[in-house]
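1. sequence plus predicted model, see below.
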Amino acid sequence: MHSLLPIVVLFIGRQRRPEKSFYVIKSKCCADGGTPAIGGDDGLAYVCLGNNAIGTEGRQMTGKNELFESLIEEIKGILGNNQERDAKLKSICKLLKDKVSYYNWVGFYFIGTENKNELLLGPFEGEPTEHVKIPFGKGICGQAAQQGKTFLVQDVSKETNYLSCNVRVKSEIVVPIFKGKVIGELDIDSHFHSPFTMDDEQFLGEVGRMVSDLYAWPTQSIRIKRLTWVPIFPKLGDLYQKKTFVRRIIIYIRV
């Protein structure tokens with residue numbers, strides 16, 4: 001009986017292994033100065049968030065949503081400063097790339113002023129890209145702009161309509177930016193397979209809505225083809241032909 005006691009104590013004293021979470025905090029990650037392991041044998045991006053994981057303001061982070069909420073507050077500060085618009089966008093790109101480890105390339109594309117069916121590269125953070133102009137419908141970015149919806153691709157190697165720019169890119173998410181209509185998009189590449197979730201989509205959608213406030217509403221011209229005289233009631237014409245005091249009533253309408 002006494003020989004079994006150490007085994008029982010050893011079993012009870014074992015701690016449960018922390019679960020791997022598919023999100024990472026890149027800066028200020030460990031209070032003890034250590035660097036958490038990023039990535040794994042399965043090729044997915046994760047870091048085991050424990051009691052040592054702290055956020056952008058030195059607070060302990062309990063999950064991805066709290067990280068994103070913290071970043072939203074920082075983005076509000078960037079948008080509220082007196083920098084030029086492109087400088088603000090550049091700062092947002094840098095913030096996202098620095099704080100979220102699976103955001104390995106972050107950039108904005110906007111619709112050109114001359115060609116309304118073409119995206120032009122705006123401020124970005126990451127390696128230079130050759131795709132400075134992207135036609136609508138071409139690649140993930142072109143499709144997102146053309147269809148006006150978010151494209152979330154967990155494995156770019158399975159996409160037939162994909163513009164390759166870096167062999168290390170494994171996944172991509174593109175979120176359109178609206179101002180009445182699509183005016184641009186936020187593009188993020190990752191070097192990991194399947195790192196994005198609906199939380200990323202909602203967070204980046206909110207970032208896009210915040211960025212849209214930097215742009216004016218698009219002007220729209222209204223064309224009137226012709227003006228047509230139309231009687232309100234056809235039977236009034238009969239009364240007019242009978243030489244009554246009732247005249248045909250007509251109004252202008254646009255057709």
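-> On my side now, so go ahead.

2. output the below-cut-off pLDDT ranges for the protein.
-> 1-62, 219-255 (pLDDT under 70).

3. would you map the strands across it?
-> 105-111, 118-125, 133-135, 151-153, 171-178, 182-190, 227-231, 250-254 (DSSP state E).

4. contact partners of the fourth one?
-> Outside strand 151-153, the residues that touch it by CB atoms under 8 Å, 6 or more residues apart in numbering are 140, 143-144, 159, 162, 171-174, 196, 200-201. Backbone N, C-alpha and C define where each C-beta goes, glycine included.

5. now stretch 211-219
-> 79, 85, 88-89, 92, 108, 177-181, 183, 186.

6. out of the residues you listed, which end up buried?
-> Buried members of the contacts of stretch 211-219, counted by 16 or more other CB atoms under 10 Å: 79, 88-89, 92, 108, 177, 179, 183, 186.

7. closest to residue 114 out of those residues?
-> residue 183 (14.7 Å; CB to CB).

8. ok, the closest one to residue 81 distance?
-> 22 Å (CB to CB, to the nearest Å).

9. all helices of the stretch 51-200 of the chain, in order?
-> Under the criterion DSSP state H, counting those that start in this stretch, the stretch 51-200 of the chain contains helices at 64-79, 85-99, 139-147, 198-212.

10. what's the local residue count around residue 174?
-> Neighbour count for residue 174, taken as other CB atoms under 10 Å: 23.

11. beta partners of it?
-> Going by DSSP bridges, residue 174 is paired in beta bridges with residue 151, residue 187.

12. give me the distance between it and residue 145.
-> For residue 174, the distance to residue 145 - CB to CB - is 8 Å.

13. check residue 209 too.
-> Residue 209 is 17 Å from residue 145, by CB to CB.

14. just residue 179 next, same as before
-> 13 Å.

15. returning to that earlier point: of residue 209 and residue 145, who's got more company?
-> A count of neighbours by other CB under 10 Å puts residue 145 above the other of residue 209 and residue 145, at 29 against 13.

16. surely the more buried one and residue 110 touch.
-> No. Taking contacts as CB atoms under 8 Å, residue 145 lies outside contact range of residue 110: 9.6 Å.
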